[in-house]
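Participant: Need a 3D model of the sequence below.
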Amino acid sequence: MATTGARSGQSFQGWRMVALIFVILNCSLGVNFAVYGALVDAIQTSFATSRALAAAGLSMLTLALGLLSPLVGGLMRRVSIRTLMLTGMMLNALGFFLLTQVSHIGLLLTIYMLLIGPGFALSGPVPCTAIIANWFDSDRGKALGIINMPLGNSLMPLLAAAILASFGLRATFLGQGIVLIAMLPLIWLVVDHPGRIGQHALGASPDQENETGQSTPMAAGQILRSPPFLVLTLGVSLLSAAGLVMVTHIVALAMDRGVALAPASLLLSAFGLAGVVGAPLFGWIADRIGGGRAFALLGLIQIPAWLGLLVAGSDLASLLGLTFAIGLCCNAILPLFGSLMGSWLGSSNVGLGMGLCYLLQIPFMFGAGPLAGAMFDRFGGYGPTILLHVGTFALIGLLFLLYRPRPI
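Facilitator: Numbers count the residues shown, from 1 in each chain. So this is what the prediction gives:
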């Protein structure tokens, strides 16, 4: 029988975990991802490099995330998730503090690869999603949608643009590190699993409350051989690559069309603000029609918005509307990812499953930003990149409409 998750006389703490993870994940994603697009032009100028290399910082981060996420997923079965997150957040902050001292693009990319990326892997979406999966059997899509409402993606680019304009690039790096350090007290309050405080996941039976959850833990090889896992990985990889290109290049696209930095940075805010609606909306949809159909919808409805970027020119209102529509979908990838991973593989396999998925995403995520930059350098615009991603959206829509796996 579904339950409230709390013993008699206790209040269920799962929604408290949702609130804590919401703040932590928003600040982490905002600082590491959303801000970067506003800095690409400044990095290119300050480090005297090409657009492709200036945009490659996020690719270094995602490469480290992909390589280390399986290790993080495995560690979460043996080490406190809170301990891993504290360690990761400190590494992440240290990376940004060191960026204030370097002036060569190679050193910047090295720091993103060796400090910022590993720190984000230990404190970002994989552990945050695993914690929520531990706390929720029912309403999982709703809870994951809430923590992925990207207010940080809306606010951080504006703050970064203001600091960049007034104080410069190094002050912006310093501010990013300070925001991450401020997350440490919140992480200390996180409880990995309801069983640690005598509760159980929302919707789970009291006699099933334990440290590993209701599902049977799977070995990495079993997960990698699972067709549902492979299909999910392909879909998430293609959607995430498009989202990464948007975050990395949308400001540059607008500036190349004559839009100034400050109004162009509003595009990143619109992209992030859309997720405040999109993340919980698609989480709610996934709870009702299934994650597969929700993924298909996520891909198909992006097609007209991306095509609109081809004809919007420098009209800021049009660019804002199109970016908002795209952000509505892109910001829902993580809640659908976590919800589907939990329903297809079981809650106890979410961490390792997500980690392995990030590993297989490396060719997509590592190459997406630089490929868009290289295609810009080659063709003098973003048109070919836009058409490439439109094709992937059609593929995703078809695949997830037709594929119907059995939960493992």
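Participant: what element comes up after the helix or strand residue 118 falls within heading to the C-terminus?
Facilitator: In this structure, residue 118 sits in helix 117-123 according to DSSP states H and E. Next along the chain after helix 117-123, taking DSSP H and E as the criterion, comes helix 125-135.
Participant: moving C-terminal of that following helix, what's the next helix or strand?
Facilitator: By DSSP H and E, the next helix or strand past helix 125-135 is helix 140-147.
Participant: Show the average pLDDT along that next one.
Facilitator: In this model, helix 140-147 has an average pLDDT of 87.
Participant: Would you mark the buried spots in the helix or strand that it is followed by?
Facilitator: Heading C-terminal from helix 140-147, the first helix or strand you meet, by DSSP H and E, is helix 151-167. Buried residues in helix 151-167, counted by 16 or more other C-beta atoms under 10 Å: 151-161, 163-164. C-betas here are computed from N, CA, C, even on glycine.
Participant: mind listing what residue 92 touches?
Facilitator: 28, 31-32, 115-116, 119-120, 123, 180 (C-beta atoms under 8 Å, 6 or more residues apart in numbering).
Participant: which one among the buried residues of helix 151-167 gets closest to residue 351?
Facilitator: For the buried residues of helix 151-167, the minimum distance to residue 351 (C-beta to C-beta) is 22.3 Å, reached by residue 152.
Participant: What separation is there between the closest one and residue 379?
Facilitator: Counting by C-beta to C-beta, to the nearest Å, the separation of residue 152 from residue 379 is 33 Å.
Participant: returning to that earlier point: out of the contacts of residue 92, which one sits closest to residue 277?
Facilitator: residue 28 (20.9 Å).
Participant: Could you tell me what pLDDT the model assigned to residue 408?
Facilitator: pLDDT, residue 408: 54.
Participant: same check, this time on residue 34
Facilitator: For residue 34, the pLDDT comes out at 82.
Participant: I'd assumed residue 268 was in contact with it.
Facilitator: Yes - using C-beta atoms under 8 Å, residue 34 is in contact with residue 268, at 5.9 Å.
Participant: Run through the helices of the stretch 301-408 of the chain in chain order.
Facilitator: 303-311, 316-330, 333-345, 350-360, 362-379, 383-402 (DSSP state H, counting those that start in this stretch).
Participant: what's the closest of those to residue 200?
Facilitator: Across the helices of the stretch 301-408 of the chain, residue 200 has its closest neighbour in helix 333-345 (15.5 Å, C-beta to C-beta).
Participant: can I get the helices of the stretch 301-408 of the chain in TSV with mean neighbour count, distance to residue 70 and mean pLDDT?
Facilitator: TSV is the format used below for the helices of the stretch 301-408 of the chain (neighbours: other C-beta atoms under 10 Å; distance: least, C-beta to C-beta, whole Å; pLDDT from 0 to 100):
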stretch	mean neighbour count	distance to residue 70	mean pLDDT
helix 303-311	16	31	95
helix 316-330	21	24	93
helix 333-345	27	14	82
helix 350-360	26	4	86
helix 362-379	19	11	84
helix 383-402	17	24	93
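Participant: Output those helices in JSON lines; the columns should cover distance to residue 216.
Facilitator: Below are the helices of the stretch 301-408 of the chain laid out as JSON lines (distance: least, C-beta to C-beta, whole Å):
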{"stretch": "helix 303-311", "distance to residue 216": "39"}
{"stretch": "helix 316-330", "distance to residue 216": "33"}
{"stretch": "helix 333-345", "distance to residue 216": "10"}
{"stretch": "helix 350-360", "distance to residue 216": "13"}
{"stretch": "helix 362-379", "distance to residue 216": "28"}
{"stretch": "helix 383-402", "distance to residue 216": "26"}
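Participant: closest to residue 77 out of these?
Facilitator: Proximity of those to residue 77 was assessed by C-beta to C-beta; the nearest stretch is helix 350-360, lying at 7.3 Å.
Participant: and the closest one, C-alpha only, in PDB?
Facilitator: Presented in PDB, the C-alpha positions along helix 350-360 are these (Å, rounded to 0.1, in the frame of the first residue of the first chain):
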ATOM      1  CA  VAL A 350      19.600   5.400 -10.700                       C
ATOM      2  CA  GLY A 351      23.000   6.600  -9.700                       C
ATOM      3  CA  LEU A 352      25.000   4.000 -11.500                       C
ATOM      4  CA  GLY A 353      22.700   4.000 -14.500                       C
ATOM      5  CA  MET A 354      23.000   7.800 -14.900                       C
ATOM      6  CA  GLY A 355      26.700   7.600 -14.400                       C
ATOM      7  CA  LEU A 356      27.000   5.000 -17.200                       C
ATOM      8  CA  CYS A 357      24.700   7.100 -19.400                       C
ATOM      9  CA  TYR A 358      26.900  10.100 -18.900                       C
ATOM     10  CA  LEU A 359      29.900   8.000 -19.900                       C
ATOM     11  CA  LEU A 360      28.300   7.000 -23.200                       C
END
